[in-house]
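K.L.:
everything below, folded, please.
(4 chains)
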Number of protein chains: 4
Amino acid sequence: MDINKITLFLRQFAAERNWEQFHTPKNLVMALSGEAGELTELFQWLTAGESDAVMNEPASAERVRDEVADILLYCLRLADVLKIDVEAAVWSKLQKNAAKYPVHLARGTAAKYTDLPKE
Amino acid sequence: MDINKITLFLRQFAAERNWEQFHTPKNLVMALSGEAGELTELFQWLTAGESDAVMNEPASAERVRDEVADILLYCLRLADVLKIDVEAAVWSKLQKNAAKYPVHLARGTAAKYTDLPKE
Amino acid sequence: MDINKITLFLRQFAAERNWEQFHTPKNLVMALSGEAGELTELFQWLTAGESDAVMNEPASAERVRDEVADILLYCLRLADVLKIDVEAAVWSKLQKNAAKYPVHLARGTAAKYTDLPKE
Amino acid sequence: MDINKITLFLRQFAAERNWEQFHTPKNLVMALSGEAGELTELFQWLTAGESDAVMNEPASAERVRDEVADILLYCLRLADVLKIDVEAAVWSKLQKNAAKYPVHLARGTAAKYTDLPKE
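P.N.:
Next up, the predicted model:
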């Protein structure tokens, strides 16, 4: 997936509609959070097993795909407005996660790193 | 950015830690939503102008980059677990958005498409 | 519980700290949403059964109580700033819910009212 | 406002519809978070000034009142299911907040207590 192509598409989409005025970082964070809320609503009453099967039904599958896409799109638009290098940010965070959750301490537990046993 | 490489990294990261048991779609949606909440907290008291300048200060810039990365990472992990083709989902949603917000109706307004004037 | 007493406490708490400047409705909505995110994080990796038992462990019980309180507090502060009559709003919404989810149609289903069978 | 009366109403509302099966703490947290997302969507594109005026327009005022009510209702339903004494939880949290944000340190700043100057 060419992230840069999507970022440029979103930038032009906003420009054509004169929407840059609405796309402050604060507003985009709210929009992202609102989309996360919509995704949450799709899963709120499902059991874990039902949530595994959510893509089996075409109508719910499309809703889920659309919400996942919306979140990604607002994430990329926010990153563009904030001039964040998404790829660098992602790999930097992955390295931090690997340091915070070493395999021998984190294996099989969902504990937050602050609650993991110390070495 | 090679989305597939990140997806594979996350898949292995979870497998090595025996975390697949926690990564139900429902749980990942909650994790994504929790990260959106953390991002929101970074911006909640900022004015629009302060939110534009949030990357000027190194410590807050790093926090924002990390949260944006966390959201992207959970999004990609969720998409992997649900077997969503992220690229197809994103372009499909962009086409829908273009149809919902035609330039001549949406220009300069933040109204939801249901509230836009009809043709 | 005397809602009005809490509202007045919060109003004075903000005034003493000169925090009214931060307490715009928009900012308070973000703060509320951020607290909902923190509550979500406490439950994200729990099974349904584990979530039933979350109050059995004193430390997690206190975290849950604090987050539920935070959400209520921001809700009441927001309602105060917006001059919403909370009691009237709550009963009005309960009446709407009763109309949207009649017992004979909604019994035993988590379907949204738009997806309920029609009479 | 008689919190207890609302709690009992919600308990009966769920029982009549055989909805207790859906009202696990985990699911209710998601529902609460989804409602916070809907409230966020009402404010996401508003300036601070526009957010102050959101109750001036009857249609948007009703939407805001309904969302605030929904959040309160899920909060109370969750507290009931978890057997949380809401009043005790609220006053306990207010005392903690007062200790974390002493007037002479917190006055005029939106800094998190961990970032406040130490005595």
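K.L.:
whichever strand or helix holds A:Leu76 packs against which elements?
P.N.:
For A:Leu76, the host element (DSSP states H and E) is helix A:58-81. With contacts taken as 3 or more CB pairs under 8 Å, 6 or more residues apart in numbering or on different chains; DSSP states H and E, helix A:58-81 sits against helix A:3-16, helix A:25-43, helix A:86-100, helix B:58-81, helix B:86-100. C-betas here are computed from N, CA, C, even on glycine.
K.L.:
at 10 Å what do you get?
P.N.:
Other helices and strands packing on helix A:58-81, by 3 or more CB pairs under 10 Å, 6 or more residues apart in numbering or on different chains; DSSP states H and E, are helix A:3-16, helix A:25-43, helix A:86-100, helix B:25-43, helix B:58-81, helix B:86-100.
K.L.:
how about JSON lines for those helices, with mean neighbour count added?
P.N.:
Putting those into JSON lines (neighbours: other CB atoms under 10 Å in any protein chain shown) gives the following:
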{"stretch": "helix A:3-16", "mean neighbour count": "15"}
{"stretch": "helix A:25-43", "mean neighbour count": "25"}
{"stretch": "helix A:86-100", "mean neighbour count": "16"}
{"stretch": "helix B:25-43", "mean neighbour count": "25"}
{"stretch": "helix B:58-81", "mean neighbour count": "21"}
{"stretch": "helix B:86-100", "mean neighbour count": "16"}
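K.L.:
with mean pLDDT added, can I get those in a markdown table?
P.N.:
Converted to a markdown table, the helices and strands packed on helix A:58-81 look like this (pLDDT from 0 to 100):
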| stretch | mean pLDDT |
| --- | --- |
| helix A:3-16 | 96 |
| helix A:25-43 | 98 |
| helix A:86-100 | 97 |
| helix B:25-43 | 98 |
| helix B:58-81 | 98 |
| helix B:86-100 | 97 |
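K.L.:
what's the closest of those helices to B:Lys5?
P.N.:
Smallest distance to B:Lys5 across the helices and strands packed on helix A:58-81 (CB to CB): 9.6 Å, for helix A:86-100.
K.L.:
what does chain A put close to chain D?
P.N.:
Contact residues, chain A versus chain D (CB under 10 Å from any CB of the partner chain): A:19, A:21-24, A:26-48.
K.L.:
among the residues you listed, which are in reach of chain C?
P.N.:
Within the residues of chain A next to chain D, those near chain C by CB under 10 Å from any CB are A:26-27, A:29-30, A:33-34, A:36-37, A:40-41, A:44-48.
K.L.:
which residue would be the closest one in chain A to chain D?
P.N.:
Nearest residue of chain A to chain D, counting by CB to the nearest CB: A:Gly37, 1.3 Å away.
K.L.:
surely that residue touches D:Leu42?
P.N.:
No: contact criterion CB atoms under 10 Å: A:Gly37 and D:Leu42 do not qualify, at 11.4 Å.
K.L.:
among the ones next to chain C among the residues of chain A next to chain D, which pair sits farthest apart?
P.N.:
Longest span within these, CB to CB: A:Lys26 and A:Thr47, 36.2 Å.
K.L.:
got the angle for the helix holding A:Leu76 vs helix A:3-16?
P.N.:
Taking axes from the mean of the first three to the mean of the last three CA atoms, to 10 degrees, one finds helix A:58-81 and helix A:3-16 inclined to each other by 80 degrees.
K.L.:
now helix A:58-81 - C-alpha only, CSV.
P.N.:
In CSV, the C-alpha atoms belonging to helix A:58-81 read as follows (Å, rounded to 0.1, in the frame of the first residue of the first chain):
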residue,chain,number,x,y,z
PRO,A,58,-21.5,-9.2,3.9
ALA,A,59,-23.3,-6.3,5.4
SER,A,60,-21.4,-6.3,8.7
ALA,A,61,-18.2,-7.0,6.9
GLU,A,62,-18.6,-3.9,4.8
ARG,A,63,-19.4,-1.8,7.9
VAL,A,64,-16.3,-3.0,9.6
ARG,A,65,-14.1,-2.5,6.5
ASP,A,66,-15.4,1.0,6.2
GLU,A,67,-14.7,1.9,9.8
VAL,A,68,-11.2,0.5,9.8
ALA,A,69,-10.6,2.5,6.6
ASP,A,70,-12.0,5.7,8.2
ILE,A,71,-9.7,5.3,11.1
LEU,A,72,-6.7,4.8,8.9
LEU,A,73,-7.6,7.7,6.7
TYR,A,74,-8.0,10.1,9.7
CYS,A,75,-4.7,8.8,11.1
LEU,A,76,-2.9,9.5,7.8
ARG,A,77,-4.5,12.9,7.4
LEU,A,78,-3.6,13.8,11.0
ALA,A,79,0.0,12.7,10.4
ASP,A,80,0.2,14.8,7.3
VAL,A,81,-1.1,17.9,9.0
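K.L.:
got the domain boundaries for chain A?
P.N.:
Following automatic domain parsing, one finds the domains of chain A at A:3-84, A:85-119.
K.L.:
and the ones you listed: which comes nearest B:Val54?
P.N.:
For B:Val54, the closest of the domains of chain A is domain A:3-84, at 6.1 Å, according to CB to CB.
K.L.:
chain center to that closest one, what's the gap?
P.N.:
Domain A:3-84 has its average C-alpha position 8 Å from the chain's average C-alpha position, going by CA atoms, centre = their mean, to the nearest Å.
K.L.:
check contacts around the nearest residue to A:Glu20 once chain neighbours are set aside.
P.N.:
Leaving aside its chain neighbours, A:Glu20 sits nearest to A:Ala14 (5.6 Å; criterion: CB to CB, 6 or more residues apart in numbering or on different chains). Shown in contact with A:Ala14 (CB atoms under 10 Å, 6 or more residues apart in numbering or on different chains): A:20-23, A:77, A:80-81.
K.L.:
which single one of those residues is nearest to chain B?
P.N.:
A:Phe22 (4.8 Å).
K.L.:
and that closest one, what element?
P.N.:
Counting by DSSP H and E, A:Phe22 is part of no helix or strand.
K.L.:
for it, give me phi and psi.
P.N.:
A:Phe22 adopts backbone torsions of phi -90, psi -20, taken as degrees, to the nearest 10.
K.L.:
so A:Val68 sits right up against B:Lys93, yeah?
P.N.:
Yes: counting by CB under 10 Å, B:Lys93 is a contact partner of A:Val68 at 8.8 Å.
K.L.:
how near is A:Gln21 to D:Phe13?
P.N.:
Separation of A:Gln21 from D:Phe13 (CB to CB, to the nearest Å): 43 Å.
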